[in-house]
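Q: Here is a sequence with its predicted model. Questions after.
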Amino acid sequence: MIPIAAPEVGDAEREGVREVLDSGQLADGPVVREFEDEFADFCGTDHAVATTNGTTALHAAFEALGVGPGDTVVTTPFSFVASANAIRHAGAEPVFADVDPDTLTLDPDAVADVAARRDDVVAVLAVHLYGAPAAMRDLRDVADDHGLALVEDAAQAHGAEYRGDRVGSLGDVACFSFYPTKNMTSGEGGMVTTDHDALAQRVRRFCDHGRTQGYAHVQLGHNFRMTSLCAAIGRAQLEKLPAYNDARREHAAALDAGLAGTSVETPSVPADARSVFHQYTVRSDHRDALADHLAERGVDTGVYYPTPIHRQPAYADVHAELPVAERAADRVLSLPVHPDLSARDLDRVVAAVESFDAARDTATARRGVMDS
């Protein structure tokens, strides 16, 4: 089976972990500070604060922004549920705006409409879906027009670029995940990036039980601190990330070429964006049948995400009609694009899609003969 994801952990990660084990400083420590500094440099920001995972990164960012009860945050319904959950963890409520039909990221016009109709919106949470940046210039304009904070959920987009700048540096604050299937991993982990000194300080304080020093705690907080073991893995992975992303782009280009002329719609990336293809997601009117066909031929696939957040049971109190997101949820199918694929693997993926089309053509022809 060609897997949909294949995390790579090599000698550098093992050596980093061994050094941490030998040091005896397994929890927060100097290795975490080094990882933070290197990740901030990579994103082009002044600050980076490591956390335990992507959800806690988002939660800490909203707390640091002062988002809380009585506030709402406009975001996409077409994302992993953590995007909206983090808003609720901070005490606020998500308000969903529909997505762009081409990119499936937040539609700036839909966000502007929500912001104009409500007086409780305090922030916009843009998700860089599948590795491609959201339309940040237009979202920045909307945020500025309405006095809103702009937050990036960059959990799927480490190293992606928008108009020449890397994600993580495009909003007021950005949040990353280092879950094992991401473009880089630390085992589990997250990171908050920002250029704002005070905001970074508030994020760090919230992640450390509201601590300022020693046993002085000036506010309620959590233990969202990354361990040195995770940071050691993250440092090694960060060095490999550019090569990983280059491989994903090359594989995506090969799939674009191979799937041209088949029944699937290949991903759309705007000219001013550079995706890192966390996922290579096609759209098909026969998605489930295609997934079954590919599985029978040894090609693993994934559906991200089959249910928009506003249709999840946990959000049953949300009443919204978001037709673009809802249609996308019925049609998206992610194919393998990870760095470990070979040219033969990519050929097998393309051949499996072509054979699906051929089987459907044959079935259609047979029905035509029987009906004639």
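A: Great, that's in hand. Numbering: from 1, shown residues only.
Q: tell me the contacts of the residue nearest the centre of the chain?
A: Geometric centre of the chain, nearest residue: Q156, 2.7 Å, by CA atoms, centre = their mean. For Q156, the contact set (CB atoms under 8 Å, 6 or more residues apart in numbering) comprises 127-131, 177, 182-183, 278-279. All C-beta atoms are positioned from the backbone trio N, CA, C, and that covers glycine.
Q: Regarding it, what is its secondary structure?
A: coil (DSSP: H, G, I helix; E, B strand; the rest coil).
Q: How confident was the prediction at it?
A: With respect to pLDDT, Q156 scores 98.
Q: Can you turn the buried part of the contacts of Q156 into a ChimeraX selection?
A: To isolate the buried subset of those in ChimeraX, counting by 16 or more other CB atoms under 10 Å, use the following:
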select :127,128,129,130,131,177,182,183,278,279
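Q: quick check, nearest of the contacts of Q156 to E93?
A: Among the contacts of Q156, V127 lies closest to E93 (CB to CB), at 17.1 Å.
Q: ok, back up a step: quick check: of the contacts of Q156, which lies closest to H146?
A: Closest to H146 out of the contacts of Q156 is V127 (19.1 Å), distances taken as CB to CB.
Q: Am I right that that closest one is in contact with T75?
A: Yes - with contacts counted by CB atoms under 8 Å, V127 reaches T75, the gap being 7.1 Å.
Q: Which neighbours do those two have in common?
A: 83, 106, 153.
Q: Give me the pLDDT for the first one.
A: Predicted confidence (pLDDT) at S83: the value is 97.
Q: packing partners for the helix or strand containing it?
A: Assigned by DSSP states H and E, S83 belongs to helix 82-89. With contacts taken as 3 or more CB pairs under 8 Å, 6 or more residues apart in numbering; DSSP states H and E, helix 82-89 sits against helix 54-65, strand 72-75, strand 93-96, strand 121-127.
Q: Let's have these in a markdown table, adding distance to E38 and mean pLDDT.
A: Output for those, formatted as a markdown table (distance: least, CB to CB, whole Å; pLDDT from 0 to 100):
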| stretch | distance to E38 | mean pLDDT |
| --- | --- | --- |
| helix 54-65 | 17 | 98 |
| strand 72-75 | 29 | 98 |
| strand 93-96 | 32 | 98 |
| strand 121-127 | 24 | 98 |
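Q: Next one: the residue nearest to the centre of the chain from I2, what distance?
A: 20 Å (CB to CB, to the nearest Å).
Q: Then A132?
A: 23 Å.
Q: So between the two, which is more surrounded?
A: Higher neighbour count among A132 and I2: A132, with 26 against 22, using other CB atoms under 10 Å.
Q: so T212 is in which element?
A: Take DSSP H and E as the rule and T212 turns out to sit in strand 211-213.
Q: Quick check: mean pLDDT of that strand?
A: Averaging pLDDT along strand 211-213 gives 94.
Q: Listing partners with orientation, what would you give for it?
A: strand 216-217 (antiparallel) (DSSP bridges).
Q: which among the contacts of Q156 gets closest to G168?
A: Relative to G168, the closest of the contacts of Q156 is H128; by CB to CB it sits at 9.4 Å.
Q: where does that closest one fall, phi/psi-wise?
A: With angles defined as degrees, to the nearest 10, H128 sits at phi -80, psi 90.
Q: pretty sure it contacts G159?
A: No - when contacts are counted by CB under 8 Å, H128 is not listed as touching G159 (10.7 Å).
Q: now the helices: where do they sit in the stretch 101-250 of the chain?
A: Remark: helices assigned in the stretch 101-250 of the chain by DSSP state H, counting those that start in this stretch are 108-117, 136-146, 197-206, 228-259.
Q: So for the second one, what gets flagged as buried?
A: This means helix 136-146. Quick answer for helix 136-146 (16+ other CB under 10 Å): 136, 138-140, 142-143, 146.
Q: repeat for the longest one
A: Buried residues in helix 228-259, defined by neighbour count with 16+ other CB under 10 Å: 228-238, 240-241, 244-245, 247-252, 254-255, 258-259.
Q: sec struct for S268, please.
A: coil.
Q: Next, find the distance separating it from V369.
A: According to CB to CB, S268 and V369 sit 37 Å apart.
Q: Out of the contacts of Q156, which is nearest to N53?
A: S177 (6.3 Å).
Q: residues contacting that closest one?
A: By CB under 8 Å, 6+ apart, the residues touching S177 are 53-55, 57, 155-156, 189-190.
Q: So, low pLDDT: which residues of the protein?
A: Applying pLDDT under 70 to the chain flags residues 372.
Q: Try it again at 50.
A: Filtered on pLDDT under 50, the chain yields no residues whatsoever.
Q: Am I right that V49 sits in a strand?
A: Yes - looking at V49 with three-state DSSP, it is inside a strand.
Q: Pull the number of nearby residues for it.
A: Residues contacting V49 under the criterion other CB under 10 Å number 32.
Q: again, but for A6
A: 14.
Q: any idea how far E8 is from the residue nearest to it when sequence neighbours are not counted?
A: Nearest non-adjacent residue to A6, counting by CB to CB, 6 or more residues apart in numbering: D340, 4.3 Å away. D340 sits 6 Å away from E8, going by CB to CB.
Q: can you check A363 too?
A: Separation of A363 from E8 (CB to CB): 40 Å.
Q: In terms of neighbours, single out the busier of the two.
A: Taking neighbours as other CB under 10 Å, A363 and E8 compare with E8 leading, 13 against 10.
Q: Give the helix, strand or coil label for the more buried one.
A: Applying three-state DSSP: E8 is coil.
Q: and it, what is it in contact with?
A: Counted by CB under 8 Å, 6+ apart, E8 has contacts 240, 244, 339-340.
Q: can you redo the residues you listed as a markdown table with distance to A328?
A: As requested, those are exported to a markdown table (distance: CB to CB, whole Å):
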| residue | distance to A328 |
| --- | --- |
| K240 | 31 |
| Y244 | 26 |
| P339 | 26 |
| D340 | 28 |
